[in-house]
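J.: Any chance you could fold what I've pasted below:
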Amino acid sequence: MRLGFGAVLHACRERAGISQEKLADMLNRSRSCISKFEREHKLPDINTFLIWLDKTNSRDVGMALMGGTDPATILQTVLQVVGAA
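T.: Numbering: from 1, shown residues only. Model prediction:
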């Protein structure tokens, strides 16, 4: 299981029930760009990150990340909410 920043972005998108294609449209990015963010091959800029959180209803997750909470802890919590853990 991936436990980094990209995994958290992926979990937020999944929790919101949004496909990579749909989120790409919302962020004015390509689907491959979204995939690169989720696989940690690329980091989103702060504006993209904030819009991602807004579009996926994940402001709480963003605050936890910015507050220094470990991504693995956040991921575990998000997965519990969606019933995947």
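
J.: What count of nearby residues applies to Leu75?
T.: Neighbours of Leu75 under the rule other Cβ atoms under 10 Å: 23. Where C-beta positions appear, they are placed from N, C-alpha and C, glycine not excepted.

J.: I'd like the distance between it and Gly6.
T.: Counting by Cβ to Cβ, to the nearest Å, the separation of Leu75 from Gly6 is 10 Å.

J.: Could you do Asp54 as well?
T.: For Asp54, the distance to Gly6 - Cβ to Cβ - is 18 Å.

J.: Likewise for Arg13?
T.: Separation of Arg13 from Gly6 (Cβ to Cβ): 11 Å.

J.: between those two, what contacts are shared?
T.: When contacts are counted by Cβ atoms under 8 Å, 6 or more residues apart in numbering, Arg13 and Gly6 have Glu38 as shared neighbours.

J.: Next, the buried residues of stretch 72-84.
T.: For stretch 72-84, burial by neighbour count (16 or more other Cβ atoms under 10 Å) applies to Ile74, Leu75, Thr77, Val78, Leu79.

J.: err, stretch 56-72, not the other one
T.: The neighbour-count check on stretch 56-72 (16+ other Cβ under 10 Å) flags Thr56, Ser58, Val61, Gly62, Ala64, Leu65, Pro71 as buried.

J.: contacting residues around Gln20?
T.: Arg13, Arg31, Ile34, Ser35, Glu38.

J.: go again using 7 Å as the cut-off
T.: Gln20 makes contacts with Arg31, Ile34, Ser35, as judged by Cβ atoms under 7 Å, 6 or more residues apart in numbering.

J.: remind me which residues of this structure are low pLDDT?
T.: 1-3, 82-85 (pLDDT under 70).

J.: Go again with 50.
T.: The model of the chain has pLDDT under 50 over residues 1-2.

J.: now the helices for it?
T.: 5-16, 20-27, 31-38, 46-55, 59-66, 71-82 (DSSP state H).

J.: What count of nearby residues applies to the residue lying closest to Ile51 once chain neighbours are set aside?
T.: The shortest distance from Ile51 to any non-neighbouring residue, by Cβ to Cβ, 6 or more residues apart in numbering, is to Leu27 (5.8 Å). Residues near Leu27, counting by other Cβ under 10 Å, number 18.
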